[in-house]
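Participant: Curious how this folds, go ahead:
(one chain, ligands or ions: 2)
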Amino acid sequence: MTLKLDINPIKAWLPHIDNPLLIAGPCSLESEKQALDTARLLAKDKRVFVYRGGVWKPRTRPGSFEGVGSVGLSWLQKVKEETGLPVGTEVANAQHTEEALKAGLDVIWIGARSTASPFVVQEIADVLKGSSAVVMIKNPVNPDVQLWMGAIERVHQAGIRNIVAIHRGFTPFRETKYRNYPNWKTVIELRRTMPNLPIICDPSHIAGKREYLFEISQKAFDMGMEGLMLESHIDPSCAMSDAAQQVTPADLGKILDKLVIRYESADNPDFENRLDMLRNRIDAIDSELLEMLSSRVEIVKEIGAYKRDNNVTALQINRWTQLMENRVNLGKKLDLDETFVKILFQLIHEDSVRMQTEIMDEEK
Ligand code: PEP
Ligand code: MN
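Facilitator: Ligands and ions are numbered 1, 2, ... in the order given. Have a look, this model is predicted:
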């Protein structure tokens, strides 16, 4: 299913953009000085296009810093006046949205905890009606692409056309390297369903630690994402929220220097010709793969009928264990990734068992 929503490209609201969309600024605005000092340094880097600063902070547990509130909006106005950068903040309810629009913010974003709640998103969308603000929608904390799409649709139904999706990772169910694990599959699914929706990445909230910002940012560009939102603080060690994942504007510049920006295609006919040739080979191999799988299915079915006629179970654990061991070893010799081979044969085997149980349940 493809949804052709009427969504503007980034260039429609940022005509001078000549690089991926980079949004940078502190996790939380803490004081007028911190907001402005950070902004002045960031604005010197011409790769930064939008300044961010959280004023209402949705915290998972009570008791941590919950943001400076509405006063922060006036600091964002000052940042905009002084640096000329468009400014944005996160809104978590209708009242925040009203205040942010009244303060003339250019960008507002719906945070991951809010996207997870359709009522909250609808409440925000109702306030947004008639506004020309840019609205960014972070993925919900749980890896539910439908919920993410639903939030985008609600904002779109409110008449908003400047929409951007932000991938900020999902809450892990166990300790992982990253604070929120990225799920690039979900991003691909969103891109496939809403092809004209710009999608950017928030490596800061995926990483949780500044040392991982570069690798996640590069991965985002490798996946064809159109920009980044990165948290930057004048003095990260003193930050009142998300201290471990923020970087100084200077360190942000260093990360940007190292990143290789990739484009959907290269302006080079030789590149396109060679890519076409390689893709034709892949297409031919894929069709052979499918034909082989289909031959395999025929034999699986024959075995199923044979087992049924002899009252033997569809699943034989010993055979399965041996098969898996053998395929993994074979895969290793062929330089295939072990996990990949395991998952592939789990799928193939699962489907074989499904077919055989179906055959067994058929009338003889
Ligand atoms: C943020 O951007 O500061 C933030 C709280 O993000 P998220 O909603 O992704 O946790
Ligand atoms: Mn943060």
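
Participant: May I see the buried residues of stretch 17-34?
Facilitator: Within stretch 17-34, the residues that qualify as buried are 17, 20-30, 34, counting by 16 or more other Cβ atoms under 10 Å. For the C-beta atoms, the positions are set from N, CA and C on the backbone; glycine is no exception.

Participant: Quote the end-to-end distance of it.
Facilitator: With Cα to Cα, to the nearest Å as the measure, the first residue of stretch 17-34 is 26 Å from its last.

Participant: Give me the distance from that stretch to the chain's centre.
Facilitator: Taking Cα atoms, centre = their mean, to the nearest Å, one finds stretch 17-34 lying 19 Å from the centre of the chain it belongs to.

Participant: ok, is that stretch in contact with ligand 2 or not?
Facilitator: Yes: counting by Cβ under 5 Å from the ion, ligand 2 has neighbours in stretch 17-34: residue 27.

Participant: hmm, that stretch touching ligand 1?
Facilitator: Yes: Stretch 17-34 is in contact with ligand 1 by Cβ under 6 Å from any ligand atom, via residue 27.

Participant: so which residue of the chain comes closest to ligand 2?
Facilitator: residue 27 (3.2 Å; Cβ to the ion).

Participant: State the phi and psi torsions of that residue.
Facilitator: Torsion angles at residue 27 (phi, psi; degrees, to the nearest 10) stand at phi -60, psi -60.

Participant: ok, now which ones touch the residue lying closest to it once chain neighbours are set aside?
Facilitator: Using Cβ to Cβ, 6 or more residues apart in numbering and skipping the chain neighbours, the partner closest in space to residue 27 is residue 242 (4.0 Å). Residue 242 sits next to 27-28, 204-205, 231 when contact means Cβ atoms under 8 Å, 6 or more residues apart in numbering.

Participant: Closest one of the residues you listed to residue 155?
Facilitator: Closest approach to residue 155 among these (Cβ to Cβ): residue 205, at 20.1 Å.

Participant: which SSE is the closest one in?
Facilitator: helix 203-207 (DSSP states H and E).

Participant: Not counting stretch 299-318 itself, show me its contacts.
Facilitator: If you take Cβ under 8 Å, 6+ apart as the criterion, stretch 299-318 is touched by 352-353, 355-360, 362, 364.

Participant: what is the rounded mean pLDDT of it?
Facilitator: Averaging pLDDT along stretch 299-318 yields 92.

Participant: Pull the distance from it to the chain's centre.
Facilitator: Mean-position distance between stretch 299-318 and its chain equals 43 Å (Cα atoms, centre = their mean).

Participant: Which residue ranges of the stretch 51-200 of the chain form helices?
Facilitator: Applying DSSP state H, counting those that start in this stretch to the stretch 51-200 of the chain gives helices spanning 71-83, 94-102, 112-115, 118-128, 145-157, 184-193.

Participant: I'd like to know which of those is closest to residue 176.
Facilitator: That would be helix 184-193 among the helices of the stretch 51-200 of the chain, by Cβ to Cβ, at 14.9 Å.

Participant: shouldn't residue 244 be in contact with residue 211?
Facilitator: No: in this structure, residue 244 is not within contact of residue 211 by Cβ atoms under 8 Å, at 9.2 Å.

Participant: Need the contact partners of the following helix or strand past the helix holding residue 205.
Facilitator: Per DSSP H and E, the first helix or strand lying C-terminal to helix 203-207 is helix 213-222. With contact meaning Cβ under 8 Å, 6+ apart, helix 213-222 is reached by 20, 167, 178, 182, 184, 200-201, 203-204, 206-207, 228, 230, 245, 247, 255, 258-262.
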